[in-house]
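Asker: Model the structure of this input:
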Amino acid sequence: MNPLASRKQLLIAESELNRAQLAQELQTISDKVHSFANQVGTVSSLATAAATLIAGIASLRHKKEPEPAAEKPSWLKTIVKGAGLVSSVWSAFRSSRRET
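Answerer: Next up is the predicted model:
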């Protein structure tokens with residue numbers, strides 16, 4: 001076998017090794033992305049539960065005295081009410097997505 005043919009064979013073998021290594025690295029990346037997506041789902045569930053809890057606590061604290069109609073609600077109340085609404089919508093969305 002001449003030197004050119006042996007060099008060609010070595011390059012082909014090296015390419016095959018590189019392809020196999022790339023396939024393994026892509027599988028590892030895919031597994032890590034899947035794991036990360038599961039963690040994001042868990043964090044999302046915790047955030048939804050926390051928003052619901054905060055909205056519930058805030059609604060219990062502010063039922064003592066009704067506000068005068070002319071007074072503008074505080075920004076904190078607006079955020080808490082918004083968080084409660086987002087929590088309700090998100091919970092409904094997640095449960096409908098799991099049913100399908």
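Asker: quick one: which helix or strand includes the residue nearest the centre of the chain?
Answerer: Centroid-nearest residue in the chain: V40, 3.2 Å away (criterion: C-alpha atoms, centre = their mean). Applying DSSP states H and E as the criterion places V40 in helix 3-61.
Asker: L85 too?
Answerer: Going by DSSP H and E, L85 is part of helix 75-99.
Asker: In this structure I54 contacts K81, no?
Answerer: No: look at I54 against K81 with C-beta atoms under 8 Å: they stay out of range, at 10.6 Å. For glycine as for every other residue, the C-beta is placed from the backbone atoms N, C-alpha and C.
Asker: Now for A51, how many residues are close by?
Answerer: 20 (other C-beta atoms under 10 Å).
Asker: Oh, that last question was meant for S91, not what I typed.
Answerer: When neighbours are defined as other C-beta under 10 Å, S91 has 15 of them.
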